[in-house]
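Visitor: build me a model:
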Amino acid sequence: MSPTAASSDVKKESATARLLGSGSAGIAELMIFHPVDTTAKRLMSNQTRIADAATFKKVVFKEHANATIGRKFTSLFPGLGYAAGYKVLQRIYKYGGQPFARDYLAQHHGADFDKAFGKGTGKAIMHATAGSLIGIGEIVLLPLDVLKIKRQTNPEAFRGRGLFKIIADEGMGLYRGAGWTAARNAPGSFALFGGSAFAKEWMQLSDYNKATWGQNFVASVAGASASLVVSAPLDVIKTRIQNRNFENPESGMKIISKMMKNEGPTSFFKGLTPKLLMTGPKLVFSFWLAQTLIPAFGQVV
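Guide: Below is the predicted model of the structure:
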């Protein structure tokens with residue numbers, strides 16, 4: 001590790017650069033990976049055994065399982081409006097917000113991280129801690145995530161109601177599962193930003209903003225993989241809480257009990273392989289793009 005990688009030694013980009021870089025990453029991710037996200041959410045929500053291709057198609061494409069290829073593909077774009085609002089705002093908040101939390105920690109507690117963990121390791125853990133704090137605060141966007149997941153996995157829950165009617169009817173019910181979401185985001189975001197930072201330390205980068213496209217890609221793979229594995233069990237619980245009908249909610253503890261009784265402990269990792277193979281590249285792509293574009297925009301704005 002670089003001996004000069006002090007926790008207080010961080011490159012600050014402008015707020016505009018952070019907004020443009022993170023926003024661009026969110027838009028690009030949405031346009032390319034929304035069908036992949038829908039597939040992963042439907043597999044995580046499935047509570048039956050998938051024994052053959054026909055069952056798989058029914059789980060993924062639902063009533064369009066036997067439709068044409070084109071119709072199957074378009075069926076993977078439910079809730080695109082909610083997804084657009086949620087995904088772009090989420091990426092701006094997460095990728096653009098983590099540097100602000102990191103700057104605060106570097107200014108006020110950078111020496112504490114260095115003293116506790118050593119310079120290079122302390123800097124990486126500081127980045128991870130900033131990501132974790134931002135991840136917890138992400139629950140403010142939860143209603144958009146709830147609506148997106150319901151559109152993807154349980155569209156009948158809407159029954160013709162529009163966005164404003166649902167908000168008026170459900171109120172704070174749209175924040176159902178907020179505790180589980182925070183519990184998932186805290187370690188998941190810690191692993192995402194921490195895995196990336198540790199990879200950059202391993203590559204002996206004292207200034208993370210000077211990483212090349214290739215180095216950012218390697219760091220993004222490390223962070224995304226760690227994040228998906230760490231957050232997988234809580235992500236399954238969160239998804240099942242959110243995909244229930246509005247009038248028939250179920251608590252996280254009840255879902256855990258039923259999963260253990262009916263599906264066994266491996267059910268907490270349902271969808272992990274598809275997430276690593278499909279959602280993984282999505283997260284790698286957006287995180288890599290944000291890590292590359294934010295410093296790039298920082299040089300011109």
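Visitor: can you map out the helices along the stretch 51-200 of the chain?
Guide: 53-61, 69-74, 80-117, 119-137, 142-153, 163-170, 178-202 (DSSP state H, counting those that start in this stretch).
Visitor: weakest of the ones you listed by average pLDDT?
Guide: When the helices of the stretch 51-200 of the chain are compared on mean pLDDT, helix 163-170 scores lowest, with a mean of 71.
Visitor: relative to helix 80-117, how tilted is that one?
Guide: Helix 163-170 runs at 60 degrees relative to helix 80-117, counting by axes from the mean of the first three to the mean of the last three CA atoms, to 10 degrees.
Visitor: what about Ala128, distance to Phe268?
Guide: 23 Å (CB to CB, to the nearest Å). No exception for glycine: its C-beta is placed from N, CA and C like everyone else's.
Visitor: got a markdown table for the helices of the stretch 51-200 of the chain, with mean neighbour count and distance to Val300 too?
Guide: What follows is the helices of the stretch 51-200 of the chain, written out as a markdown table (neighbours: other CB atoms under 10 Å; distance: least, CB to CB, whole Å):
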| stretch | mean neighbour count | distance to Val300 |
| --- | --- | --- |
| helix 53-61 | 15 | 42 |
| helix 69-74 | 12 | 37 |
| helix 80-117 | 19 | 17 |
| helix 119-137 | 23 | 24 |
| helix 142-153 | 24 | 31 |
| helix 163-170 | 13 | 37 |
| helix 178-202 | 23 | 23 |
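Visitor: which one of those lies nearest to Thr38?
Guide: For Thr38, the closest of the helices of the stretch 51-200 of the chain is helix 142-153, at 4.6 Å, according to CB to CB.
Visitor: centre of the chain to that closest one, how far?
Guide: On the basis of CA atoms, centre = their mean, to the nearest Å, helix 142-153 sits 14 Å off its chain's mean C-alpha point.
Visitor: repeat for stretch 115-129
Guide: So, by CA atoms, centre = their mean, the centroid of stretch 115-129 is 23 Å from its chain's centroid.
Visitor: what of stretch 267-276?
Guide: So, by CA atoms, centre = their mean, the centroid of stretch 267-276 is 14 Å from its chain's centroid.
Visitor: dump the helices of the stretch 51-200 of the chain into CSV; add distance to Gln299 as well.
Guide: Putting the helices of the stretch 51-200 of the chain into CSV (distance: least, CB to CB, whole Å) gives the following:
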stretch, distance to Gln299
helix 53-61, 43
helix 69-74, 39
helix 80-117, 15
helix 119-137, 21
helix 142-153, 32
helix 163-170, 39
helix 178-202, 19
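Visitor: and the ones you listed: which comes nearest Pro35?
Guide: Among those, if distance is taken as CB to CB, the winner is helix 69-74, at 6.8 Å.
Visitor: now the closest one - C-alpha only, CSV.
Guide: Listed next in CSV are the C-alpha coordinates belonging to helix 69-74 (Å, rounded to 0.1, in the frame of the first residue of the first chain):
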residue,chain,number,x,y,z
ILE,A,69,-39.6,-12.5,-28.4
GLY,A,70,-40.4,-8.8,-28.9
ARG,A,71,-43.3,-8.9,-26.5
LYS,A,72,-41.3,-10.8,-23.9
PHE,A,73,-38.6,-8.2,-24.0
THR,A,74,-41.0,-5.2,-23.6
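Visitor: give me the contacts around that helix.
Guide: Around helix 69-74, the neighbours that count as contacts under CB atoms under 8 Å, 6 or more residues apart in numbering are 35, 57, 61, 64-65.
Visitor: for the stretch 151-300 of the chain, which spans come out with low pLDDT?
Guide: By pLDDT under 70, the weakly predicted segments of the stretch 151-300 of the chain are 152-154, 157-160, 162-164, 243-248, 278.
Visitor: give me phi/psi at Asp52?
Guide: phi -150, psi 170 (degrees, to the nearest 10).
Visitor: how much space is there between it and Lys270?
Guide: 17 Å.
Visitor: of these two, which one has the most company?
Guide: Lys270 (23 against 9; other CB atoms under 10 Å).
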